[in-house]
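Need coordinates for the below:
(chains A, B, C and D)
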Number of protein chains: 2
Amino acid sequence: MLDNLQKIKIDKPVDKIIGQIKSLISNGEIKPGDKLPSERALADHLGVGRSHVREAILKLEFYGILKTYPQNGTFVSGIGIVALEELISDVLNLEEHDFKSLVETRVLLEKQAAYLAAKRRTSEDIASISNALSAYEKKTKTGQQAVEEDLLFHIKIAEASKNNVLKSLMMIITPDIVKNYINLKVCDDLNFNKTLQEHQAILESIINQDPEAASAAMAIHLKDVSEFSESVKDLQYEMIKK
Amino acid sequence: MLDNLQKIKIDKPVDKIIGQIKSLISNGEIKPGDKLPSERALADHLGVGRSHVREAILKLEFYGILKTYPQNGTFVSGIGIVALEELISDVLNLEEHDFKSLVETRVLLEKQAAYLAAKRRTSEDIASISNALSAYEKKTKTGQQAVEEDLLFHIKIAEASKNNVLKSLMMIITPDIVKNYINLKVCDDLNFNKTLQEHQAILESIINQDPEAASAAMAIHLKDVSEFSESVKDLQYEMIKK
DNA sequence: GGCCAATTATTGGTTGACCAAAAATCATAA
DNA sequence: TTATGATTTTTGGTCAACCAATAATTGGCC
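The predicted structure follows:
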């Protein structure tokens, strides 16, 4: 009976405006590099409040599509019409990250982070990673969950990689991962001791400055959850999203 | 004489507020999962307008750190204090992406995209990638730059990978890449015919469903720019940022 | 005493007005 | 005719007030 309630698509005003801006570009009214109409004019033209326009511009600014100069105007990035349209479309469809893609990408990033960390780690890095690991061990020894400490261990490795883009991207997908972990109750299945040993193996490889081993150890560590994600696939679509 | 003007650090009100929210968490006044004080209360407490608080919340929401429920309140993600602090710090320092990290990460993502595209591509994917390649060829044959068409080729491969997270991350770093390409004038050095051949090699591997070959072909394609990034390193810091 | 409805207070959402800075315009003088 | 400086206009930035929906409170009823 309630089945047909699932597909409600709330078109937030912001997304509508972003769509409108996109069509402005598609219709050739705005070319890459051009100045966008003033916020006022846009709000008037689209029949919405300026706040909405502002929010939309803000969002597109995060993704580098627009750039605002105070008291001057908002300008479109100069990367080309078609690419611009693709980018904007992507921003609009940003929510649909499925768990499988999420995990698949996480594995990729984490492996590379471990690889680079092994190559570039300083003694300070080793200290912080060790600290994170100790905190994790201490927490799990008392039987508690240690999601935070687990995360921190991985973050410290990302820092040791000396690649801030890699770290930023990991940060970006982390909340999604955590949300899915909680929803799918992945944590319950994990054996803390096993996780601890795997963490130690990763740390050891990083200490030994053995990139390949570090990457491999990270792959093993993430293998469980990776396989798990294969099995759930579309299960998440049946869950109630809050 | 103008040297000391370089270090101007414009502390936008938004970043200040994000910092304040972070310290609220650090001081234990707000715990993960808690409800944030109302926008009004926050604005009053911090002595700023509500718009600024709103903008800060919006930004933190993009990164999954906060979640706003209309007419109810804004809640902090439940991932843990330390991890939360790390995440927020990262949001604040998000701008400092250096070119080397950018390229290094791009290579990683693109190689994986090509790998997965070769595994999962449909005939439709091949068609769109081919189209993008044709457009690139046509444009370069006339001697023009074809940055957009180049980008589009890579985007279509990302789409063929069927991993939307991977695609999103590539989209996120693309503007940064483009900006740096333009600033550092990488494009000028590239040989269009060589690029075209490399693109064709990638496409061929994807058509043949040979993931390893596709990944390798992409690596070769990106090798030039990768090496270039090694040589510039800190050169960018001397440039004027606009 | 316990339950339910009307009321009140609080929340984020939305709007329009005002501000200062930058750009564009125009008038004036060389 | 050109250069220059005052003036007007336009811009995004900021703010305070209002709106509708929700949650908390209160009062009355059973």
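
C-alpha only now, for contacts and for neighbours.
Fine.

Next one: the residue most central in space within chain A from DNA strand D, what distance?
In chain A, the residue lying closest to the centroid (CA atoms, centre = their mean) is residue A:173, at 2.2 Å. Distance of residue A:173 to DNA strand D, computed by CA to the nearest atom of the strand, to the nearest Å: 28 Å.

wait, that residue sits on residue A:101?
No. Counting by CA atoms under 8 Å, residue A:173 does not reach residue A:101; the two are 10.6 Å apart.

And chain B, is stretch A:35-51 touching that?
No. Using CA under 8 Å from any CA of the partner chain, we find that stretch A:35-51 stays clear of chain B, coming within 9.3 Å at best.

Could you give me the buried positions within that stretch?
Neighbour-count burial for stretch A:35-51, counted by 16 or more other CA atoms under 10 Å in any protein chain shown, picks out A:35, A:36, A:39, A:42, A:43, A:50.

Okay, and the beta partners of residue A:73?
Beta-bridge pairing of residue A:73 under DSSP bridges involves residue A:69.

Return the residues in contact with it.
A:35, A:36, A:37, A:38 (CA atoms under 8 Å, 6 or more residues apart in numbering or on different chains).

Residue A:68 against residue A:60, yeah?
No. Assessed by CA under 8 Å, residue A:68 is found out of contact with residue A:60, at 10.2 Å.

Between these two, tell me which one has more neighbours.
Higher neighbour count among residue A:68 and residue A:60: residue A:60, with 19 against 15, using other CA atoms under 10 Å in any protein chain shown.

Kindly state the pLDDT recorded for that one?
At residue A:60, the model reports a pLDDT of 87.

Give me the distance between the nearest residue to it once chain neighbours are set aside and residue B:54.
Setting aside the residues directly before and after it, residue A:60 is nearest to residue A:66 in space (CA to CA, 6 or more residues apart in numbering or on different chains), at 5.7 Å. As defined by CA to CA, to the nearest Å, residue A:66 lies at a distance of 20 Å from residue B:54.

repeat for residue A:40
Residue A:40 is 20 Å from residue B:54, by CA to CA.

Likewise for residue A:54?
Taking CA to CA, one finds residue A:54 at 12 Å from residue B:54.

still on that earlier bit, quick check: which of the buried residues of stretch A:35-51 are also close to DNA strand D?
A:36, A:39 (CA under 7 Å from any atom of the strand).

so which of the buried residues of stretch A:35-51 comes closest to DNA strand C?
residue A:50 (6.1 Å; CA to the nearest atom of the strand).

Stretch A:32-52 spans what distance, first to last residue?
22 Å.

Now find how far off-centre it is within its chain.
29 Å (CA atoms, centre = their mean, to the nearest Å).

one step back: doesn't the residue nearest to the centre of chain A fall inside a helix?
Yes. Counting by DSSP: H, G, I helix; E, B strand; the rest coil, residue A:173 falls inside a helix.

Kindly reformat the buried residues of stretch A:35-51 as JSON lines containing distance to residue B:199, secondary structure and pLDDT.
Shown next, in JSON lines, are the buried residues of stretch A:35-51 (distance: CA to CA, whole Å; DSSP: H, G, I helix; E, B strand; the rest coil; pLDDT from 0 to 100):
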{"residue": "A:35", "distance to residue B:199": "33", "secondary structure": "strand", "pLDDT": "88"}
{"residue": "A:36", "distance to residue B:199": "34", "secondary structure": "coil", "pLDDT": "88"}
{"residue": "A:39", "distance to residue B:199": "41", "secondary structure": "helix", "pLDDT": "88"}
{"residue": "A:42", "distance to residue B:199": "40", "secondary structure": "helix", "pLDDT": "88"}
{"residue": "A:43", "distance to residue B:199": "42", "secondary structure": "helix", "pLDDT": "88"}
{"residue": "A:50", "distance to residue B:199": "44", "secondary structure": "helix", "pLDDT": "88"}
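
Make TSV out of the buried residues of stretch A:35-51 and add distance to DNA strand C.
Below are the buried residues of stretch A:35-51 laid out as TSV (distance: CA to the nearest atom of the strand, whole Å):
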residue	distance to DNA strand C
A:35	10
A:36	13
A:39	10
A:42	12
A:43	8
A:50	6
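
Between the buried residues of stretch A:35-51, which sits nearest chain B?
Checking those against chain B with CA to the nearest CA, the nearest one is residue A:50 at 12.3 Å.

any idea how far residue B:153 is from the closest one?
On the measure of CA to CA, residue A:50 and residue B:153 end up 36 Å apart.

so residue A:82 sits right up against residue B:146, yeah?
No. Residue A:82 is beyond contact range of residue B:146, at 11.7 Å (criterion: CA under 8 Å).

More neighbours: these two, which one.
Taking other CA under 10 Å, residue A:82 and residue B:146 do not tie; residue B:146 has more neighbours (20 against 16).

Ramachandran coordinates for residue A:163?
With angles defined as degrees, to the nearest 10, residue A:163 sits at phi -120, psi 100.

ok, and the closest non-adjacent residue to it?
residue B:101 (5.0 Å).

could you point out which element follows the one helix or strand that neighbour maps to?
For residue B:101, the host element (DSSP states H and E) is helix B:99-120. Proceeding N to C from helix B:99-120, the next assigned helix or strand is helix B:123-141, under DSSP H and E.

Can you get me the centre-to-centre distance for that following helix and its chain?
Worked out by CA atoms, centre = their mean, helix B:123-141 lies 24 Å from the chain centre.

cool, stretch A:75-88 as well?
That offset, for stretch A:75-88, works out to 22 Å (CA atoms, centre = their mean).

For it, measure first residue to last.
Terminal-residue distance, stretch A:75-88 (CA to CA): 15 Å.

hang on, residue A:43 packs against residue A:50?
Yes. Counting by CA under 8 Å, residue A:50 is a contact partner of residue A:43 at 5.2 Å.

so what secondary structure elements neighbour the helix or strand of chain A with the lowest mean pLDDT?
Ranked by mean pLDDT, DSSP states H and E, the weakest helix or strand in chain A is helix A:81-92, scoring a mean of 74. Here helix A:81-92 touches helix A:13-26, helix B:147-160, helix B:164-184, going by 3 or more CA pairs under 8 Å, 6 or more residues apart in numbering or on different chains; DSSP states H and E.

what does the domain assignment say about chain A?
Following the assignment in automatic domain parsing, chain A carries domains at A:8-95, A:98-235.

Please work out which of these is packed deepest.
domain A:98-235 (a mean of 19; mean count of other CA atoms under 10 Å in any protein chain shown).

average pLDDT across that one?
So the average pLDDT for domain A:98-235 ends up being 85.
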